[in-house]
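**Q** here's my sequence, what's the structure:
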Amino acid sequence: MRIRNLFALFFSIVMLAQSGCDADSRNEGKNREIGTVSEDTILPTPEEKKIVIQDDIVLKKDLQYDQYTLEDEYPYQDTVRKFQWEKIKKEIARLENAITDGGSWGVLSNYKNKNGEAPTIQDFVRNDYGLVSDQHGVERYQSVPLYGMEGDTTLVRYGRDGWLVKINGSDTTDFLSVTGVSIEGTYLLPRKYLIPWGDSVRFNKVVAVDVTNQHITTLEKKGETWHILSMNPATSGVHKPPHAHETPVGIFAIQEKKEKMYYMKDGTSEIAGYAPYASRFTNGAYIHGVPVQYPRKNIIEYSPSLGTTPRSHMCVRNASSHAKFVYEWATVRQSVVIVID
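**A** Next up, the predicted model:
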């Protein structure tokens, strides 16, 4: 009798132990299914966002417009001119970092003061044209007032029409906080001076203008490579008060396009002629073809002044067929103009 009881007790102990093992095995499986992390598990660290530098930008020649094409380096009078690819890559890298950062894009807008003349800034400068400018050389006319973030509505500088910014949000019903892409810093600006473009914008087309070497190139990103589509002579704006302005350096959005951009005789409201295939990027500055002066009406394809010295009224002239190429290829909300010196 005693032996039978001992056997029963031993059998119960074995079954209990087996039951415990099965339970541990089931729990282990369950833990694996729901991703329970043990003390010994090594978690992967999140990847840090890679900052793109100019050496990361890959360029490849893939000419889609092959008329009047310039070499990387070419003779001009008693000097040698060249395409400053490293400068262009540096500005493209800045643009790519802004795209990677995400956020909502906006474009500063005050063409012809359509949203109201900006207030006069303290310590202003009166420039060679007799116009008020800030300490950075940006004129009050056609510009956007940018205020400090301290909330005391101190006007700290002017922003050029066409500059790109990221919209941070609304501080009040009348003002927005923006961070510059075309410039450094964060500012407040009145809502009426901003065109919001949303968070889905991806700039993959670049028109690069070199005001020192007087040429223009177009680039498009395909995959991880920026393809060079054209390399052409151009003529930028000349500093010639009171009417002709130099083309400003910086990054601008292409905002609108006109098949014919009519221009006035200096100092009058009389139409003097038109420029074909015009793409506007800041104030009254367009990339366009050779100007046609009335009474002539037909498009002029080329001018021997292209690629020589600045002589335009802020605009960037090129061969009319190249201006048409830019006009048809460079879409609004996908394209920027990078002006370097």
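**Q** quick check: bridge partners of Trp105?
**A** Beta-bridge partners of Trp105, counted by DSSP bridges, are Lys166, Gly198.
**Q** tell me, what's the model's pLDDT at it?
**A** Here the pLDDT value assigned to Trp105 is 96.
**Q** touching, it and Leu164? I think so.
**A** Yes. Counting by CB atoms under 8 Å, a contact exists between Trp105 and Leu164, whose distance comes to 6.6 Å. All C-beta spots, glycine's among them, are computed from the backbone N, C-alpha and C.
**Q** next, show the common contact partners of these two.
**A** Counting by CB atoms under 8 Å, 6 or more residues apart in numbering, the contacts common to Trp105 and Leu164 are Val181.
**Q** so after the longest strand seen in the chain, what's the next helix or strand?
**A** When the chain is scanned for its longest strand (criterion: DSSP state E), the result is strand 271-282. On the C-terminal side of strand 271-282, the nearest following helix or strand under DSSP states H and E is strand 285-288.
**Q** mind listing what Gly267 touches?
**A** Counting by CB under 8 Å, 6+ apart, Gly267 makes contact with 242-243.
**Q** would you agree it falls within a helix?
**A** No. Per DSSP: H, G, I helix; E, B strand; the rest coil, Gly267 lies outside any helix segment and is coil.
**Q** contacts only, for Leu194.
**A** When the contact criterion is CB under 8 Å, 6+ apart, the partners of Leu194 are 106-109, 144, 165, 167, 176, 178.
**Q** could you rerun that using 7 Å?
**A** Contact partners of Leu194, counting by CB atoms under 7 Å, 6 or more residues apart in numbering, are 106, 108-109, 176.
**Q** where does the prediction get shaky in the stretch 151-300 of the chain?
**A** Low-confidence segments of the stretch 151-300 of the chain, defined by pLDDT under 70, span residues 151, 170-172.
**Q** Arg311 contacts Val238, doesn't it?
**A** Yes. Using CB atoms under 7 Å, Arg311 makes contact with Val238 at a distance of 5.1 Å.
**Q** in this structure, which spans are helices?
**A** 2-34, 85-101, 320-329 (DSSP state H).
**Q** count of neighbours near Asp55?
**A** Burial measure for Asp55: 10 neighbouring residues, criterion other CB atoms under 10 Å.
**Q** how about the one 4 residues further on?
**A** Here the number of neighbours of Leu59 (other CB under 10 Å) works out to 16.
**Q** by neighbours, which of the contacts of Leu194 wins?
**A** Within the contacts of Leu194, Leu108 tops the neighbour count with 27 neighbours, counted by other CB under 10 Å.
**Q** in terms of pLDDT, where does it sit?
**A** Looking at Leu108, its pLDDT is 98.
**Q** residues contacting it?
**A** Applying CB under 7 Å, 6+ apart, one finds that Leu108 lies in contact with 144, 159-163, 165, 193-194.
**Q** got the domain ranges for the protein?
**A** When the chain is parsed into structural domains using automatic domain parsing, the resulting residue ranges are 58-70+202-340, 106-198.
**Q** just how off-centre is the shortest one within its chain?
**A** How far domain 106-198 lies from its chain's middle: 17 Å, per CA atoms, centre = their mean, to the nearest Å.
**Q** ok, the nearest residue to Ser143 once chain neighbours are set aside - contacts?
**A** Across the structure, with CB to CB, 6 or more residues apart in numbering as the measure, the residue nearest Ser143 apart from its sequence neighbours is Tyr158 (3.9 Å). The neighbours of Tyr158, taking CB under 7 Å, 6+ apart as the test, are 118, 121, 134, 138, 140, 143-146.
**Q** beta partners for Tyr158?
**A** Using DSSP bridges, the beta-bridge partners of Tyr158 come out as Pro145.
**Q** how far away is it from Val290?
**A** Using CB to CB, to the nearest Å, one gets 32 Å for the distance from Tyr158 to Val290.
**Q** repeat that for Leu219.
**A** Counting by CB to CB, the separation of Leu219 from Val290 is 23 Å.
**Q** more neighbours: these two, which one.
**A** A count of neighbours by other CB under 10 Å puts Leu219 above the other of Leu219 and Val290, at 23 against 20.
**Q** so what's the more buried one bridging to?
**A** As for beta bridges, Leu219 partners with Val206, Ile228 under DSSP bridges.
**Q** and the closest residue in space to Phe203 that isn't next to it in sequence, how many neighbours does it have?
**A** The shortest distance from Phe203 to any residue other than its chain neighbours is 5.2 Å, reached at Val336 (CB to CB, 6+ apart). As a burial measure, Val336 scores 23 neighbours (other CB under 10 Å).
**Q** His243 contacts His313, doesn't it?
**A** Yes. Counting by CB under 7 Å, His313 is a contact partner of His243 at 6.5 Å.
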